[in-house]
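S.K.: prediction below, plus the sequence it came from.
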Amino acid sequence: MKINVFDSENEVLEGLADYFVEVAEKSIEEHGQFSIALSGGNSPKKLYELLASKKYRGSVEWKKVHFFFGDERYVPHNSPQSNYLMAKKAILEPLDLSYRQIFPVNTSVSPEEAAARYANDITLYFAGVEPRFDLVLLGLGDNSHTASLFPHTPVLHDHSASVKAVYLEDQQVFRITMTAPLINKAHHIAYLVYGDGKAEAVHHVIEDRVDIENYPAQLIKPEDGDLQWFLDHGAAALLKKK
């Protein structure tokens, strides 16, 4: 695990954008394509907009990039809450990508069916070999959740490398999420976290005792891959070792 700490939000975003380009170039050189699992939320939106900007859009062979989603809200694709819609506006449409490069979660069926179909989409994409994304982007909630791995939910104990439906009792909503074992198979995993409000969660996940029920992001430990955190000083404020 590597912890990268930057002075400002913009520097965090640029640091992760540079890492994205590096991993994409390496993946395309090694096997001709780059598979990325996107994260939802406001922070990733800024990253996607940066990657689609003039500064970065010429740095990646975008026609060789395939976009998946680490998790999705169980809402229509045109809902303002949809991770797919956010990514579509921030990066997918600006880069004029083919629909063949984009793998959204089908939320027009039941949550369980949506998860099963997405797991099948992933299996078909990897064509008989073990699914290993080149890069999985993650965020971190104030409650130490990542993707849609929320505290005290059954999916935390799911040992399959798959996709599952998750019901959040307190919000009375469904989410669709990649399981921790699937995320952990990735070649590269990167957290994007900034702001003082995230400092306690970052400390819990990185330095606190293991307690996945309360700090689900502790589940993210790549089997044979690279894990990096991209933080600003606010988010890293409570870490003893930086």
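M.R.: Nice, thanks for sending it over.

S.K.: all contacts plus neighbour counts: C-alpha atoms, from now on.
M.R.: OK.

S.K.: wait, doesn't Ile206 sit right on Gln218?
M.R.: Yes. Counting by Cα atoms under 8 Å, Ile206 does reach Gln218; the two are 7.2 Å apart.

S.K.: for those two, indicate the residue with more neighbours.
M.R.: Per other Cα atoms under 10 Å, whichever of Ile206 and Gln218 has more neighbours is Gln218, with 22 against 18.

S.K.: list the contacts of the nearest residue to the more buried one once chain neighbours are set aside.
M.R.: Nearest residue to Gln218, sequence neighbours excluded (Cα to Cα, 6 or more residues apart in numbering): Val205, at 5.2 Å. With contact taken as Cα atoms under 8 Å, 6 or more residues apart in numbering, Val205 is in contact with 144, 215-218.

S.K.: any low-confidence regions in the protein?
M.R.: Along the chain, the parts satisfying pLDDT under 70 run over 242.

S.K.: from the contact counts, what lies against the helix ranked longest in it?
M.R.: The residue-count maximum for a helix in the chain (DSSP state H) belongs to helix 9-31. Counting contacts by 3 or more Cα pairs under 8 Å, 6 or more residues apart in numbering; DSSP states H and E, helix 9-31 is packed against strand 34-38, helix 42-51, strand 188-193, strand 226-232.

S.K.: where do the helices sit along the chain?
M.R.: Going by DSSP H, the chain shows helices at 9-31, 42-51, 83-87, 111-125, 180-183, 199-207.

S.K.: most packed of the ones you listed?
M.R.: Using mean count of other Cα atoms under 10 Å, the stretch among those with the largest mean neighbour count is helix 180-183, at a mean of 26.

S.K.: output that helix as CSV, restricted to C-alpha atoms.
M.R.: The C-alpha coordinates for helix 180-183 follow below in CSV (Å, rounded to 0.1, in the frame of the first residue of the first chain):
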residue,chain,number,x,y,z
ALA,A,180,-14.7,-7.0,-2.0
PRO,A,181,-13.2,-10.3,-3.4
LEU,A,182,-13.8,-9.0,-7.0
ILE,A,183,-12.3,-5.6,-6.3
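
S.K.: quick one: residues in contact with that helix.
M.R.: Contacts for helix 180-183 (Cα under 8 Å, 6+ apart): 70, 131-133, 136, 149, 156, 158-163, 189, 219-220, 222.

S.K.: buried only: go through these for me.
M.R.: 70, 131-133, 136, 149, 156, 161-163, 189, 219-220, 222 (16 or more other Cα atoms under 10 Å).

S.K.: how far off centre is stretch 34-44?
M.R.: Relative to the chain's own centre, stretch 34-44 is displaced by 5 Å; criterion: Cα atoms, centre = their mean, to the nearest Å.

S.K.: how many residues are close by Lys241?
M.R.: 8.

S.K.: OK, contacts around it?
M.R.: With Cα under 8 Å, 6+ apart as the criterion, no residue contacts Lys241.

S.K.: could you measure it against Ala37, distance?
M.R.: 29 Å (Cα to Cα, to the nearest Å).

S.K.: please apply the same query to His204.
M.R.: 24 Å.

S.K.: before we move on, what about Tyr215?
M.R.: In terms of Cα to Cα, Tyr215 sits 21 Å off from Ala37.
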